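Colleague: sharing a model that was predicted from the sequence below.
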Amino acid sequence: MDITLLTVLSLTALTLLILFGIPIGVALGTVSLVGIWVLFENWDIAFAMAGSVAFSMLRDYVFATIPLFVIMGNFIATSGAAQDVFTLMNRMLRRIPARLAVATVFGNAMFAAISGVSVAAAATFSRVAYPQMRRYGYDRPLALGVIAGSAMLGMLIPPSILLIFWGILTEISIGKLFVAGVLPGLLVATLFVIYLMITSLRNPEKTPLTVQTQAGEDPVHDTIDRSVLVSGVGIILLIALVLGGIWGGFATPTEAAGIGAVGALCLALIKGVRPRALMAAIISSGLTIAPIMFLLLMAGLYSRFLVSSGALMVMTDWITGAGFGPISLIFAMTVIWLLMGMMLDSTSIILLTVPIFAPIAQSFGYDPLVFAIYGILVIEAGLLTPPFGLLVFVVKGSVPEEVSIGEVFRGATPYWLLIVVAGLIILAVPEIVTFLPNRM
């Protein structure tokens, strides 16, 4: 069959399967197997290629990174450290305008550096931070928006599951991706904090410093007990061990993930988590890991099909022939990612687009690390995009009171814009991404 026709049919079939509600992994595997069969007219070759991909990927040492980081995040979540981190950040920032909202950003950033999952961060801080902000009279859209916006830090600040996916699909060093995400993650967090402080200074009624009680005004005072300090110090040490080990060259990402998992287990035991809860965390990790591994295997088979069939070269020729330049190319990819973010989760977007987009972007001169971090930013921004932003619906469903979806979208819009601004800054100043990896 003509390669151009095969490329068009495969992309059309993949799109239709997804639109009809077929799981992403099944759709990727089906299109890949049928495509390979059409290419070679032999089912034995198709199944042999699938087996070869599964064998080569699953025996890869780096694949152990995913379950270890997932287990680490679940141990931390089970220990209740997220609540303690928020309390600690809140107390330390007591002289900062909008300090409860700023504490949410920093708390989410620290939680992100352990869990690596934005949806988990959104659900957690909807229950932890939102009641506190509402208790002190914070504007409701502002409180909802800062939770939804800062939750996306979970996919940028390492260790991030999406960065691991990206590294596996593109064969970029996961250690370098982790280190490359540090400064952009801090940039985004800084932009969020600046916005919140300006909003608080211009509209102080949106972020009161006191709460009205029957006895009068009660200023925000949070005591810090031993448990809170243990959580704060423990998480800071975990971050230092994981990222410091990778950055300093003392450990590979897989070894650092193992160290982090053991450290998280120790922290959970110190916090008094019972064995039954630890076992539940391990079982929950297994339920999360199995679908992830299946998705990655099917994405690997999809990549092998694109390369073997020549479809990737065909798509590159289409884009080159259409007159795209580096700027128009990145604009088109950005629009596609934002549109997909309305309907799909981040993992699915990466699995569907990165095998195609990454080689094309590299052929147009984009640094692989810069393109990866920019892509993660835009994909996460898509999770805040109306009408189906996933993080927005997670926040709406997790806060302990009835709120409208419009309020959450209204509160999240400034963070969507700030994420886009951060992406433009990264493209304009790529050294923000490459500075730390170049010193590894």
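Modeller: Perfect, I can see it now.
Colleague: for the stretch 151-300 of the chain, which segments count as strands?
Modeller: Secondary structure of the stretch 151-300 of the chain (DSSP state E, counting those that start in this stretch): strands at 210-213, 216-219.
Colleague: verify the stated contact: Leu153 with Val188.
Modeller: Yes - look at Leu153 against Val188 with CB atoms under 8 Å: they come within range, at 6.5 Å. C-beta: built from backbone N, CA, C; applies to glycine.
Colleague: ok, Ala122 touching Val395?
Modeller: Yes - at 5.4 Å, Ala122 and Val395 qualify as touching, with contact defined as CB under 8 Å.
Colleague: looking at these two, which has the bigger crowd around it?
Modeller: Between Ala122 and Val395, counting by other CB atoms under 10 Å, Val395 is the more crowded of the two (31 against 27).
Colleague: what's the neighbour count on Leu287?
Modeller: 9.
Colleague: can you offset everything so residue one is 894?
Modeller: All right, first residue 894 from here; so that's Leu1180.
Colleague: which pLDDT value goes with it?
Modeller: Leu1180 is assigned 81 on the pLDDT scale.
Colleague: three-state assignment of Ile989?
Modeller: Using DSSP: H, G, I helix; E, B strand; the rest coil, the structure places Ile989 in coil.
Colleague: how about Phe1217?
Modeller: Phe1217 - assigned by three-state DSSP - is coil.
Colleague: not counting residues beside it along the chain, what's closest to it?
Modeller: The spatial neighbour of Phe1217 that comes closest, neighbours along the chain excluded (CB to CB, 6 or more residues apart in numbering), is Ala1225 at 6.9 Å.
Colleague: and the pLDDT for that neighbour?
Modeller: Value for Ala1225, per-residue pLDDT: 86.
Colleague: in three-state terms, label it for me.
Modeller: Counting by three-state DSSP, the backbone at Ala1225 sits in helix.
Colleague: what residue is smack in the middle of the protein?
Modeller: With distances taken as CA atoms, centre = their mean, the residue of the chain nearest its centroid is Met1048 (2.0 Å).
Colleague: what residues are up against the nearest residue to Leu1311 once chain neighbours are set aside?
Modeller: Nearest-residue entry for Leu1311: Leu1084, 4.6 Å, with adjacent residues in sequence omitted and distances by CB to CB, 6+ apart. Neighbouring residues of Leu1084 by CB atoms under 8 Å, 6 or more residues apart in numbering: Leu1311, Val1314, Ala1315.
Colleague: Val1263 now?
Modeller: Listed by CB under 8 Å, 6+ apart, the contact set of Val1263 reads Ile1319, Leu1320, Pro1323, Val1326, Thr1327.
Colleague: I'd like those as TSV, with neighbour count appended.
Modeller: As requested, those are arranged in TSV below (neighbours: other CB atoms under 10 Å):
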residue	neighbour count
Ile1319	21
Leu1320	19
Pro1323	17
Val1326	27
Thr1327	18
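Colleague: biggest separation within the residues you listed, which pair?
Modeller: Spatially, the most separated pair among these is Leu1320 and Thr1327, at 12.3 Å (CB to CB).
Colleague: if we can go back for a sec, how far away is the residue nearest to Leu1311 from Ile1040?
Modeller: 16 Å (CB to CB, to the nearest Å).
Colleague: what about Thr1240, how many residues close to it?
Modeller: Thr1240: 21 neighbours (other CB under 10 Å).
Colleague: let's verify it: helix, strand, or coil?
Modeller: The local conformation at Thr1240, judged by three-state DSSP, is helix.
Colleague: got the contact list for the residue nearest to Glu1273 when sequence neighbours are not counted?
Modeller: Of all residues not flanking Glu1273 in the chain, Met1045 sits nearest, at 3.9 Å (CB to CB, 6+ apart). The contact partners of Met1045, taken as CB under 8 Å, 6+ apart, are Ser1011, Val1081, Glu1273, Ala1274, Leu1276, Leu1277, Leu1284, Tyr1308, Ile1312.
Colleague: now, which of those sits nearest Phe968?
Modeller: Comparing the contacts of Met1045 against Phe968 with CB to CB places Ser1011 closest, at 18.7 Å.
Colleague: would you map the helices across the stretch 944-1093 of the chain?
Modeller: Secondary structure of the stretch 944-1093 of the chain (DSSP state H, counting those that start in this stretch): helices located at 958-972, 974-985, 992-1008, 1011-1028, 1033-1044, 1054-1063, 1067-1073, 1075-1095.
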